[in-house]
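*Asks:* Here's a sequence, model it:
(chains A, B, C and D)
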Number of protein chains: 2
Amino acid sequence: MPTVTSLGDLERAAMQVAWESGPVTGRQVAERLADRGLAYTTWLTVLTRLERKGLLRRDRHGRAYTYTAVASREDHIAVLMRQALGQAQDREAALQHFARSVSPTEAQALRRALEDLE
Amino acid sequence: MPTVTSLGDLERAAMQVAWESGPVTGRQVAERLADRGLAYTTWLTVLTRLERKGLLRRDRHGRAYTYTAVASREDHIAVLMRQALGQAQDREAALQHFARSVSPTEAQALRRALEDLE
DNA sequence: TAGAAGTTCTACGTCTTGTAGGAGATGATG
DNA sequence: CATCATCTCCTACAAGACGTAGAACTTCTA
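*Replies:* As a prediction, this is how the structure comes out:
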């Protein structure tokens, strides 16, 4: 299981944009996050690093690159959760603790999801 | 939700020992992990950092300190999983993806755990 | 063909983690 | 009580990740 490195603050922000706005250019990310007052090239660097981490893919479109999330946010989160779970020596016990820690709504959603599995 | 910082390699190893061997001294950790060939003070530093991160607690016992895990390994893992889940904007969707990604055995364990909830 | 817009490369400061030595405190032991 | 074995504390340094960005080079486009 290839370890997913944890993301920094800017990296997370850029991923949010990629997830919410579909394929984006560096320029678009910079505009979407203009409130942070960071330089355009800062976002380019962040996007490049996210590509190297395998979270984004990029395709040329004319002069510019377009960045696309490799996995959906939900998939990414599921991977993170599985990775946490993988650290348990007793997974069933860990799952039990997890089940106890979720809200009733979440528990219900989980039950439904598990039913749909079969 | 106070963010749990991710652990480094040595930190994780030290936590394993703390979880498996109950309260331990720095010396014991160093011995348990002697195969790594690291200096005793290296482990002391690691334990100190884990204490600062809130994962270990320490109590004086004569001249030495004894380190104890604040949460069980399973609780810690549940926290990590919840933290991952917390990044979703649509938790139900994320849980659904997670449910789909676990093994049949794990799914069964989860179902049981959720049943026991009520 | 010149300018706008894009990319690439390089760089630097800070924080985290791995790694550990030296100095000082303290408990045990003869 | 003096000394030795231990223990802690403080400090340090290298490497890597991340935030941050400018300079230089490339490429559309009018």
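
*Asks:* Nearest to DNA strand D: which residue in chain A?
*Replies:* Taking CB to the nearest atom of the strand, DNA strand D has its nearest neighbour within chain A at residue A:8, 2.2 Å off. Where you see a C-beta, it was placed from the backbone N, CA and C, and this is true even at glycine.

*Asks:* How many residues are close by residue A:13?
*Replies:* 18 (other CB atoms under 10 Å in any protein chain shown).

*Asks:* Quickly find the element holding it.
*Replies:* Element membership for residue A:13, per DSSP states H and E: helix A:9-20.

*Asks:* where does residue A:60 fall, helix, sheet strand or coil?
*Replies:* Assigned with DSSP: H, G, I helix; E, B strand; the rest coil, residue A:60 falls in the strand class.

*Asks:* List the beta-bridge partners for it.
*Replies:* Residue A:60 forms beta bridges with residue A:65, as assigned by DSSP bridges.

*Asks:* What number of residues are in the vicinity of it?
*Replies:* 8.

*Asks:* Check residue A:66 too.
*Replies:* So residue A:66, with other CB under 10 Å, has 17 neighbours.

*Asks:* who touches it in this structure?
*Replies:* Residue A:66 is in contact with A:23-25, A:58-60, counting by CB atoms under 8 Å, 6 or more residues apart in numbering or on different chains.

*Asks:* coming back round to it: next, the residue of chain A closest to DNA strand D: phi, psi?
*Replies:* In terms of degrees, to the nearest 10, the main-chain angles of residue A:8 are phi -80, psi -180.

*Asks:* any idea how far residue A:42 is from it?
*Replies:* Distance of residue A:8 to residue A:42, computed by CB to CB, to the nearest Å: 12 Å.

*Asks:* which of the two has more neighbours?
*Replies:* residue A:42 (15 against 11).

*Asks:* Am I right that that one sits in a helix?
*Replies:* Yes - counting by three-state DSSP, residue A:42 falls inside a helix.

*Asks:* Surely it touches residue A:11?
*Replies:* No - using CB atoms under 8 Å, residue A:42 makes no contact with residue A:11, being 11.4 Å away.

*Asks:* per the record, what domains does chain A have?
*Replies:* A:9-69, A:73-117 (automatic domain parsing).

*Asks:* can you give me the mean pLDDT across the last one?
*Replies:* Across domain A:73-117, pLDDT averages out at 95.

*Asks:* So what would you say the end-to-end distance of that domain is?
*Replies:* End-to-end span of domain A:73-117 (CA to CA, to the nearest Å): 20 Å.
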